[in-house]
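J.: Task: produce atomic coordinates for the following.
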Amino acid sequence: MATTAESRISFEQVRELTTRELPWADDAGLRVEGLGYGTARVRLPFTDRNLRPGGTISGPAMITLADYALYIGALAAIGPEALAVTSQLSMNFLRKPRPEDLLADARMVRVGRRLVYGEVYVIPATDTAGEPVAHLTGSLIRPAEDS
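T.: Predicted coordinates for the structure are as follows:
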């Protein structure tokens with residue numbers, strides 16, 4: 001997925017914002033690979049640090065990936081509003097992921113003046129045509145225009 005003319009944030013703006021405001025995303029190795037209007041594709045590179053007992057990627061690692069993808073997808077629709085904050089998340093773990101890179105495909109379902117609602121599918125990087133390993137829905141609150 002490449003940047004489309006419709007995205008309201010560029011890869012460079014995402015990198016700058018992440019470095020300045022979200023260093024934990026850099027620490028986790030999260031990489032934005034695609035942007036479009038209200039969409040984002042983010043990669044979580046595999047590392048042993050993300051494994052849990054049983055040899056699967058941990059839930060907290062997948063939630064971090066999906067929440068970041070949701071945030072970047074929202075910014076792709078509204079522009080670089082660093083103060084937009086997650087207000088609700090619901091994640092369903094659908095099947096056990098193998099120890100490999102994961103991709104999160106975010107798509108905003110509704111972009112309002114104060115609330116952005118979207119969904120994220122987490123898929124194995126080597127099985128992009130297969131079934132997702134997790135599905136997240138969530139919303140972000142946009143800062144008031146007079147703040």
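
J.: What count of nearby residues applies to the residue nearest to residue 98 when sequence neighbours are not counted?
T.: Nearest residue to residue 98 in three dimensions, chain neighbours excluded: residue 124, at 6.3 Å (C-beta to C-beta, 6 or more residues apart in numbering). Any C-beta I mention is one placed from the backbone N, CA and C, and that applies to glycine too. Residues contacting residue 124 under the criterion other C-beta atoms under 10 Å number 19.

J.: so residue 124 bridges to which residues?
T.: On the basis of DSSP bridges, residue 124 is bridged to residue 102.

J.: Scan this protein for its longest helix.
T.: helix 59-78 (DSSP state H).

J.: CA atoms only for that helix, dumped as CSV, please.
T.: C-alpha atoms of helix 59-78 as CSV (Å, rounded to 0.1, in the frame of the first residue of the first chain):
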residue,chain,number,x,y,z
GLY,A,59,-1.6,-9.7,23.0
PRO,A,60,0.0,-6.5,24.3
ALA,A,61,2.3,-6.4,21.2
MET,A,62,-0.7,-6.9,18.9
ILE,A,63,-2.8,-4.2,20.7
THR,A,64,0.2,-1.8,20.5
LEU,A,65,0.4,-2.4,16.7
ALA,A,66,-3.4,-2.1,16.1
ASP,A,67,-3.8,1.1,18.3
TYR,A,68,-0.9,2.8,16.5
ALA,A,69,-2.4,1.8,13.1
LEU,A,70,-5.7,3.2,14.2
TYR,A,71,-4.1,6.5,15.2
ILE,A,72,-2.2,6.8,12.0
GLY,A,73,-5.2,5.9,9.9
ALA,A,74,-7.2,8.6,11.7
LEU,A,75,-4.4,11.1,11.0
ALA,A,76,-4.5,10.1,7.4
ALA,A,77,-8.1,11.3,7.4
ILE,A,78,-7.9,14.4,9.6
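
J.: Please consider this matter closed, and thank you.
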